[in-house]
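> need a structure here:
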Amino acid sequence: MNEYDIMKAMNGVEEQFVSEYTEFTPRKGISIKRVIKTSIIIAAAAAFVIPAGAYVYSEFIHRDNVEHYITGTELIEEQSPDAVKNYVMENNDYRITIDSALSDGHNVMMVLTNDAKTIKGLEIKAWTGGLTETYITYADGSAGPFKTIGQTERPMTGMSGYAYDDYDKSPIGFDRRVSIFSCRDIDLNKDVKIEFFIDVKGRHSAELYYWRRDYPELLKSVIPDFDLDEEITNDLDGMEFITSFAPNVKCVPLYAEDGTEIFMSAFEVFSENGRTLAGENNIIDPWSFFFITNDGEKIPLNFENYNIKSREDCDYVIFGDFIDPDEYQGIEVNGIRYLKQE
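Got it, this is the predicted structure:
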C-alpha cells in the first residue's frame with residue numbers, strides 16, 4: 001500500500017484532499033514528504049476526536065500536550081478541575097482544541113492543540129506556525145473589554161504566546177502551543193468570548209477584521225483611507241470560545257524586605273509593576289530564580305519550559321510546573337527574596 005492508498009483508507013478522507021498534496025507548495029524548508037506524512041497523521045487522528053464544542057471534564061484528552069508545557073497535569077485535574085477545558089472548535093479545514101486555561105487573576109495560561117484537516121488546513125498551520133490572532137469581547141454583549149494604549153482605549157486584539165515543540169513532530173507549524181492572556185482591564189465577574197483569526201493570504205490583521213465589524217469609526221480614525229467595503233477573509237471564521245478569566249488556581253502574595261509585593265500562583269510569579277523582578281539590569285536571570293520550600297530548601301527553576309517577560313506594565317515568570325503554593329514560603333530571584341507574611 002502506497003502513501004496515496006493509506007491516505008484514502010484512513011477515516012474516509014476525501015479523494016480531493018488526497019490528490020491536492022501535489023498542488024500544495026510548502027514554505028521554504030518543508031519537504032513534500034513531510035507534508036504527506038503529516039496528512040496521514042491528520043487522517044488517522046480524525047477518527048478519535050470528540051464532537052465540536054464538546055466539554056470533557058476531569059481529564060485532559062491531549063494530556064501529553066499540556067504536560068509538555070506544564071508538568072503536573074494530575075495536580076491540575078485534582079486541584080483545579082475548572083482549568084480542564086477540552087473544548088473543540090473546528091471548520092472544514094482546521095481544528096483547535098482549548099486543552100486547558102489556568103488563571104490566577106493576573107494572567108491566563110492557555111494550552112491549545114492545532115490539527116489541520118485538509119491541505120488548506122496545512123496552509124493555515126504553516127502560515128503562522130500555529131499561532132493565531134484573537135479578539136476578546138464580553139460574552140453578554142456589553143461594551144469592552146478595552147486595553148489602554150497611551151491615552152486611548154482600544155478593543156482587545158492581538159497575538160500572544162509561545163510554542164516549544166520538536167521539529168520532527170511538527171514539520172508544518174506547531175501541533176501544540178501556549179497563549180498568554182492578560183487579565184488587566186478585564187472584569188473577572190464576566191465571561192469573555194475569544195474569537196480566533198488567521199488570513200493565510202497575509203493581507204489583513206484581526207484589528208482590521210473585527211474593528212471593521214464592531215468599531216468602523218475607530219478603524220476610519222486610525223486608517224482614514226481604509227476601504228470599509230474591502231473583502232477581508234478570516235480562515236478561522238466562526239471559531240470562538242466562551243470562558244471565564246476568574247481565578248481557578250491558588251495564588252498568594254509575597255513580599256520583599258522593602259515591602260514590594262508580588263504574587264505566586266500555581267503556574268507563575270507575577271508583578272503588577274513592570275521591571276520589578278528584573279531589578280537594576282532590567283533582566284530576570286533564570287539562573288538566579290529559586291523556589292524556597294517551607295523547609296528552607298532552594299529549588300531551581302524548571303529549564304525545560306519556563307517563560308519570562310519583563311515589560312513596562314508587568315513582570316512574570318511562568319514555571320513550566322504546576323505547583324501548590326502552600327508548599328513554599330516564597331521565591332528568590334536576582335538575589336532578592338519574596339516571602340509570605342506570617
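
> lowest-confidence helix or strand of this structure?
Of the helices and strands making up the chain, the lowest-confidence element is helix 3-9, at a mean of 35, by mean pLDDT, DSSP states H and E.

> looking at this, Tyr210 is in a helix?
Yes: residue state for Tyr210 (DSSP: H, G, I helix; E, B strand; the rest coil) corresponds to a helix.

> could you measure it against Gly161, distance?
Using Cβ to Cβ, to the nearest Å, we find Tyr210 at a distance of 18 Å from Gly161. Bear in mind the C-beta positions are built from the backbone N, C-alpha and C, glycine included.

> Looking only at neighbour counts, state which of these two leads.
Looking at Tyr210 and Gly161 with other Cβ atoms under 10 Å, you find the greater number of neighbours at Tyr210, namely 23 against 19.

> May I have the residues that are in contact with the more buried one?
Tyr210 sits next to 135, 155, 157, 195, 197 when contact means Cβ atoms under 8 Å, 6 or more residues apart in numbering.

> Out of the residues you listed, which is nearest to Ile232?
Sorting the contacts of Tyr210 by distance to Ile232 puts Phe197 at the head of the list, at 9.6 Å, by Cβ to Cβ.

> what's the burial count for the closest one?
Taking other Cβ under 10 Å as the neighbour definition, Phe197 ends up with a count of 24.

> Now do the helices in this protein.
For the chain, the helices identified by DSSP state H occupy 3-9, 15-20, 32-46, 63-69, 73-79, 119-128, 206-214, 216-222, in order along the chain.

> can you tell me which of these the model trusts least?
Of all the helices of the chain, the minimum mean pLDDT falls on helix 3-9 (a mean of 35).

> for the residue nearest to Asp313 when sequence neighbours are not counted, what are its contacts?
Spatial nearest neighbour of Asp313, chain neighbours left out: Gly274 (5.1 Å); criterion: Cβ to Cβ, 6 or more residues apart in numbering. Contacts of Gly274 were listed using Cβ under 8 Å, 6+ apart, and they are 310-315.

> Out of the residues you listed, the closest to Ile61 would be?
The nearest one, if we look at these relative to Ile61 and count by Cβ to Cβ, is Cys314, at 31.9 Å.

> Model confidence score at the closest one, please.
At Cys314, pLDDT is 91.

> Now for it, how many residues are close by?
With other Cβ under 10 Å as criterion, Cys314 counts 19.

> So it versus Ser271, what's the distance?
With the distance defined as Cβ to Cβ, Cys314 ends up 6 Å from Ser271.

> likewise Thr293?
Counting by Cβ to Cβ, the separation of Thr293 from Ser271 is 22 Å.

> So, low pLDDT: which residues of the stretch 101-250 of the chain?
Low-confidence regions of the stretch 101-250 of the chain, defined here as pLDDT under 70, cover residues 166-171.

> rerun at 90
For the stretch 101-250 of the chain, applying pLDDT under 90 flags the ranges 126-131, 147-153, 158-174, 201-204, 218-232.
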